[in-house]
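A.B. asks: Compute the structure for the input listed below.
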Amino acid sequence: MQAFLNRCAEIEEVLAQVYRELAAVYAADHALEAIWLNMADDESEHAREIHLAKRLLRDDLIVREQVPDAQIRKLLFRAHKILAKVRRSVLPVKEALRLSLHLEDEFRQVHVLCAVRFADSAVQKIFERLGRADREHVARLAEYCRLFAAREKAQGSESVPA
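C.D. replies: Prediction:
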């Protein structure tokens, strides 16, 4: 179980790096930069919370895994692949926004499944907070996309499909 939680924390840490990279690339758009920097900070905090859960965890408190370890490994591989992509090339802003939305939605679904069910309410609450934070990220990105689309429409360009 410790290895499972280590992979979950690593996913959060890699996502924080992805968002910091995107914030640096789009620093001229202060609103978008602020969103991505805030999300990066949140992801770093999520990793710290998962490490806290590890310290609180006793194997006898686990009820059942709902997300197979293979799925977590796949998500971790995907997160590293995305980080490599954003480091080697500048994504068009629309692609970066779509990618961020899809990432957050994908990881929100994992958190909604509560990756692991715990009998310990303190640990359970940590994973519930992660899911709520992901929903907030999706909402912030979606709002930015609406503003971006309105700005693009006013300029005569195509909007960001979600």
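
A.B. asks: Would you mark the buried spots in stretch 137-155?
C.D. replies: Judged by neighbour count (16 or more other C-beta atoms under 10 Å), stretch 137-155 contains these buried residues: H137, V138, R140, L141, A142, Y144, C145, F148, A149. For the C-beta atoms, the positions are set from N, CA and C on the backbone; glycine is no exception.

A.B. asks: Sitting in helices, which of those do you find?
C.D. replies: Applying DSSP state H to those, the entries found in helices are H137, V138, R140, L141, A142, Y144, C145, F148, A149.

A.B. asks: Just put these in JSON lines and tack on distance to H46 and pLDDT.
C.D. replies: Output for those, formatted as JSON lines (distance: C-beta to C-beta, whole Å; pLDDT from 0 to 100):
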{"residue": "H137", "distance to H46": "10", "pLDDT": "90"}
{"residue": "V138", "distance to H46": "15", "pLDDT": "89"}
{"residue": "R140", "distance to H46": "15", "pLDDT": "92"}
{"residue": "L141", "distance to H46": "16", "pLDDT": "91"}
{"residue": "A142", "distance to H46": "20", "pLDDT": "92"}
{"residue": "Y144", "distance to H46": "20", "pLDDT": "93"}
{"residue": "C145", "distance to H46": "23", "pLDDT": "91"}
{"residue": "F148", "distance to H46": "26", "pLDDT": "88"}
{"residue": "A149", "distance to H46": "29", "pLDDT": "87"}
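
A.B. asks: Looking at those residues, spot the one nearest L15.
C.D. replies: The shortest gap between L15 and any of those belongs to H137, at 9.7 Å (C-beta to C-beta).
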